[in-house]
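[1] Turn this into a model:
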Amino acid sequence: MYKLNAHTHTNFSHDGRSTVQEYLEMAQANGMSYLAFTDHFDTEWGTNEQTFAHYARMCQEIASKRLLYPDIQVACGLEIGFWDERVGKDGLVVSDESELQLIHKIQKETCVEYCINSVHTTSVLMGTDPKTGLPMDRQTGFERHLQIVLQSLDAPYHYDTIGHFGFCTRKKRFENNALFYGDHQTTIDKILDGIIAKQKILEINSAVGQSEMECLPSAEILKIYKKRGGEHITFAADAHEAKALLHNFDKVRQIALDAGFVYYTIKKDGQLKMVKID
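    Numbers count the residues shown, from 1 in each chain. Prediction:
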């Protein structure tokens, strides 16, 4: 069986709890073929120069450790938060030209080869309107999240994958805490069509938190994606510690097969490569 995980946070992320070495040991013990390290892009490490040095050290660590595990294809990457209301102007993490230049510098001058583009709408998780602080209903909150995901497709930096589509459901703030296709059909169709047109990967994220969905996005939305011509998917445990590296892998694998997918897509040597789901 081909085992992979394309969304992993080490202790180079502010919330990662395991080292690169610990992840690789776990991957080897579980017979994994592919592992992408995708630590958060954050600017909390200091100046732009200090932040660049932080990610350069991350890349050096991954590059040296992966030589010890030749049976595992190891990718060095980032998760870039397009929108996070905890930081940045109007929620944009890349809030000025210098931060955008920093991302470009990291992508150009380090071994970063795989990037996830994610939206973290914290106001929706809290169930409040970010402008008024008043409670926000599910329909309004989820539509807000989706509109930002749609905007993120045109992010001003290179990315390969759309991350945790359905993040807005991770905390139990609403009744029927699931993202239903029929409630947001027009926006979801635009997002899926945009992913397909731009030849990006849609990750299937198994870290659902308090969501009522079986994965992010839901099995329902995955079937719609496939029906509309989507082909590129990958498995993402969104692991923050080594023991979660293959969280719900078998469940998500079956969901992908049931939706009609035959291949995963990984990044290899700068190109997208499709590998058989077996």
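
[2] Strands along the stretch 51-200 of the chain, start to end?
    With DSSP state E, counting those that start in this stretch as the definition, the stretch 51-200 of the chain shows strands at residue ranges 73-84, 114-120, 161-162.

[3] who wins for proximity to residue 245 among those strands?
    In terms of C-beta to C-beta, the element of the strands of the stretch 51-200 of the chain nearest to residue 245 is strand 73-84, at 12.7 Å. (Each C-beta comes from the backbone N, C-alpha and C, glycine too.)

[4] do you know how far the closest residue to residue 178 other than its chain neighbours is from residue 260?
    Residue nearest to residue 178 in three dimensions, not counting chain neighbours: residue 212, with 4.2 Å by C-beta to C-beta, 6 or more residues apart in numbering. Here the distance between residue 212 and residue 260 works out to 23 Å (C-beta to C-beta, to the nearest Å).

[5] low pLDDT regions in the stretch 51-200 of the chain?
    83-96, 122-126, 130 (pLDDT under 70).

[6] mind redoing it with 90?
    Counting by pLDDT under 90, the stretch 51-200 of the chain contains low-confidence ranges at 81-101, 120-142, 144-145, 148, 156, 168, 171-177.

[7] what about residue 39, which SS state?
    Three states are possible here, and by DSSP: H, G, I helix; E, B strand; the rest coil the one that applies to residue 39 is strand.

[8] so what's it up against?
    Contact analysis of residue 39 by C-beta atoms under 8 Å, 6 or more residues apart in numbering lists 9, 10, 12, 13, 16, 55, 58, 77, 78, 79.

[9] try residue 278
    Contacts of residue 278 by C-beta under 8 Å, 6+ apart are 1, 2.

[10] Now do the same for it: its pLDDT.
    Predicted confidence (pLDDT) at residue 278: the value is 86.

[11] how many neighbours does residue 57 have?
    By other C-beta atoms under 10 Å, 12 other residues sit near residue 57.

[12] The residue nearest to residue 178 touches residue 179, doesn't it?
    No: taking C-beta atoms under 8 Å as the contact criterion, residue 212 and residue 179 are not neighbours in contact, 9.2 Å apart.

[13] Mutual contacts of those two, please.
    Contact criterion C-beta under 8 Å, 6+ apart; residues bridging residue 212 and residue 179 by contacting each: residue 169.
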